[in-house]
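In: quick one: sequence plus predicted model below, questions after.
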Amino acid sequence: MSTATRVLGAAAAAEFLHLAPAAVRLPVLRRTLARRTAGHGTAPGHVALTFDDGPDPRSTPYVLDALDALAGPGRVRATFFLLGSMLERAPALGAELVARGHEVAVHGWFHRSQWYPAPARDLRELRRAGAAVTDLCGARPLWYRPPYGVLTAGPALAARRLGLRSVLWTVWGRDWTAEATGRTVLETARPGLTAGATLLLHDSDCTSAPGSWRATLDALPLIAAHCREHGLTLGPLRDHGIPLP
């Protein structure tokens with residue numbers, strides 16, 4: 001075997017190992033071997049409400065007000081997965097999330113897929129994002145969700161090293177598309193809104209169709225009403241019954 005062949009083989013093996021954790025995106029693995037990483041909770045009747053890509057001064061305040069306005073036995077709280085680059089530009093909004101009772105978590109520094117191995121970069125950026133959430137929001141994050149839900153080995157290992165549990169989602173509303181409306185978000189999510197589900201929504205359109213956050217806003221009262229009708233409680237991941245590392 002030539003040196004070039006050995007080098008190529010080693011590179012292919014490294015890439016395979018790096019990409020292997022991303023298989024958790026496959027529905028069959030989410031339902032069986034990777035239930036905790038997918039976001040399946042054990043708290044009775046609980047649905048974890050999560051938002052990605054903020055904080056965004058153009059949209060997050062409206063989402064916060066909508067959550068406060070939802071009817072029921074107390075205001076609805078959620079988990080916000082924050083991008084460090086967004087938080088750096090709106091630190092006061094990050095602190096407001098915590099002051100209003102919500103949970104903050106890490107979505108990375110930049111919103112990009114981590115397809116190729118770069119362990120030093122992954123650890124550096126995730127540590128930077130986690131420190132920003134802790135320092136600017138005033139609360140230590142417990143969770144990490146990779147951009148696009150692509151959990152490769154580098155970020156997964158970095159998250160574990162930093163004491164963060166990686167968690168994806170079990171149901172989404174496709175609220176990031178230009179065609180989304182409050183009704184389509186509910187109809188898309190409805191089949192998966194069952195006890196133990198983790199719902200993915202977005203409080204920013206920084207990586208989505210412009211203005212798509214308004215569909216999320218319109219969907220929130222519809223989702224809350226559906227959950228009430230079925231005896232489900234919306235809340236943050238900290239109440240979802242997923243063990244921490």
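Out: That came through fine. If you're wondering where the values come from, they're calculated on a predicted model, not measured in any experiment.
In: let me see the ranges of the strands in this protein.
Out: With strands called from DSSP state E, the chain shows them at 46-54, 79-82, 103-106, 143-144, 165-166, 171-172, 198-202, 233-235.
In: just name the most buried of the ones you listed.
Out: strand 79-82 (a mean of 29; mean count of other C-beta atoms under 10 Å). Backbone N, C-alpha and C define where each C-beta goes, glycine included.
In: would you map the helices across this protein?
Out: In the chain, the helices defined using DSSP state H lie at 3-19, 27-31, 35-38, 60-69, 84-89, 91-99, 119-132, 153-161, 182-189, 213-229.
In: distance to Gly138 added to these, as a markdown table?
Out: Below are the helices of the chain laid out as a markdown table (distance: least, C-beta to C-beta, whole Å):
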| stretch | distance to Gly138 |
| --- | --- |
| helix 3-19 | 34 |
| helix 27-31 | 33 |
| helix 35-38 | 27 |
| helix 60-69 | 16 |
| helix 84-89 | 12 |
| helix 91-99 | 6 |
| helix 119-132 | 11 |
| helix 153-161 | 21 |
| helix 182-189 | 31 |
| helix 213-229 | 25 |
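In: make CSV from those and add distance to His111, mean pLDDT and mean neighbour count to it.
Out: CSV is the format used below for those (distance: least, C-beta to C-beta, whole Å; pLDDT from 0 to 100; neighbours: other C-beta atoms under 10 Å):
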stretch, distance to His111, mean pLDDT, mean neighbour count
helix 3-19, 19, 37, 12
helix 27-31, 22, 53, 13
helix 35-38, 20, 81, 18
helix 60-69, 15, 96, 18
helix 84-89, 8, 96, 20
helix 91-99, 16, 97, 18
helix 119-132, 11, 93, 18
helix 153-161, 13, 91, 20
helix 182-189, 20, 98, 19
helix 213-229, 15, 96, 20
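In: which of those sits closest to His46?
Out: Among the helices of the chain, the nearest to His46 by C-beta to C-beta is helix 213-229 (9.8 Å).
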